[in-house]
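Enquirer: When you get a sec, could you give me coordinates for this:
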Amino acid sequence: MALLAWQNPQWRKSALVATVASMLMLCAAPAAATTIEKSRQLIIWLSDQAIDVLRDPDATLEKREGTFHDLLRDGFGLDYIGQFVLGRSWRKASKAQRADFLALFDAFVIKTYARRLGEYSGETFVVKGARTVGKKGDVVVQTQINRPEKPALAVDWRVRDIKGEHKIIDVVVEGISMAITQRQDFAAVTRKSGVDGLIKVLRTRVENGEP
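Expert: Residues are numbered from 1 along each chain as shown. Predicted coordinates for the structure are as follows:
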């Protein structure tokens with residue numbers, strides 16, 4: 001019976017497709033597991049580094065900001081995030097505008113988050129889980145930040161493999177995406193003043209140390 005079935009061209013084709021699909025699934029499973037683990041390790045490493053400086057009684061605000069500056073550069077895909085938050089205006093922007101915007105956005109994000117994180121004290125960080133999402137195989141690492149005398153924060157970190165390196169491309173705090181929020185804020189400026197207007201606003205904020 002099995003031999004007769006195999007002699008049927010349609011059955012052979014179906015069997016071949018099923019076999020190939022099974023092989024692909026077997027190959028994909030370890031790859032997905034590796035991606036999830038690398039993403040988890042990235043977030044754990046960042047949190048460990050951050051907590052170390054937060055717990056250092058001798059660390060000044062300037063020292064904290066300097067540490068977070070380096071962590072954000074290493075852990076975040078700032079160029080990707082910059083293109084995303086600029087939205088449709090990215091396609092319309094000239095090369096010079098893109099270069100100016102990315103340089104200022106880089107400085108703006110690092111200064112903003114370094115200052116905010118540098119003000120924290122006594123927090124603990126727990127990784128709750130991780131899962132793959134989306135067509136590009138991103139990983140969302142779910143964490144909880146416990147704060148003294150304040151409600152705990154649920155923070156999800158979206159990690160993507162960018163040219164062989166795992167980078168954070170979004171942070172979702174209590175269901176609010178930082179990347180989407182920033183994109184909406186920037187869109188409001190570009191609608192009114194264009195890309196040059198946004199660049200001017202960012203330059204002013206960076207120079208004045210404004211979040």
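Enquirer: can you pull out the helices in this structure?
Expert: Per DSSP state H, the chain carries helices over the ranges 2-7, 9-54, 61-75, 78-86, 88-92, 95-118, 178-208.
Enquirer: To residue 140, which of the ones you listed lies closest?
Expert: Counting by C-beta to C-beta, residue 140 lies closest to helix 9-54 out of the helices of the chain; the figure is 8.4 Å. (Each C-beta comes from the backbone N, C-alpha and C, glycine too.)
Enquirer: Give me the average confidence score over that closest one.
Expert: Helix 9-54 comes out with an average pLDDT of 62.
Enquirer: Neighbours of the closest residue to residue 80 other than its chain neighbours, how many?
Expert: Excluding the flanking residues, the one nearest residue 80 by C-beta to C-beta, 6 or more residues apart in numbering is residue 169, at 5.6 Å. Using other C-beta atoms under 10 Å, residue 169 has 18 neighbouring residues.
Enquirer: ok, residue 169 - contacts?
Expert: 76-77, 80-81, 84, 138, 158-160, 162, 179 (C-beta atoms under 8 Å, 6 or more residues apart in numbering).
Enquirer: picking that back up, comparing the helices of the chain, which comes out most buried?
Expert: helix 78-86 (a mean of 19; mean count of other C-beta atoms under 10 Å).
Enquirer: Output the lowest mean pLDDT helix or strand found in this protein.
Expert: helix 2-7 (a mean of 40; mean pLDDT, DSSP states H and E).
Enquirer: Not counting its neighbours along the chain, what's nearest residue 84?
Expert: residue 179 (5.8 Å).
Enquirer: pLDDT averaged over stretch 98-112 - what is it?
Expert: Mean predicted confidence for stretch 98-112 is 89.
Enquirer: just how off-centre is that stretch within its chain?
Expert: 16 Å (C-alpha atoms, centre = their mean, to the nearest Å).
Enquirer: One more: stretch 45-59?
Expert: 20 Å.
Enquirer: For residue 143, which residues are in contact?
Expert: 43, 47, 125-128, 154-157.
Enquirer: how about the helices of the chain, which one is nearest residue 133?
Expert: Comparing those by C-beta to C-beta, helix 9-54 comes nearest, at 10.9 Å.
Enquirer: out of the contacts of residue 169, who's nearest residue 111?
Expert: residue 76 (13.2 Å).
Enquirer: thought that closest one was touching residue 167?
Expert: Yes: contact criterion C-beta atoms under 8 Å: residue 76 and residue 167 qualify, at 6.1 Å.
Enquirer: Figure out the length between the terminal residues of stretch 52-69.
Expert: With C-alpha to C-alpha, to the nearest Å as the measure, stretch 52-69 spans 15 Å from end to end.
Enquirer: and stretch 203-211, how far from the chain's centre?
Expert: The chain centroid and the centroid of stretch 203-211 are separated by 23 Å, computed with C-alpha atoms, centre = their mean.
Enquirer: wait, stretch 135-155
Expert: That offset, for stretch 135-155, works out to 12 Å (C-alpha atoms, centre = their mean).
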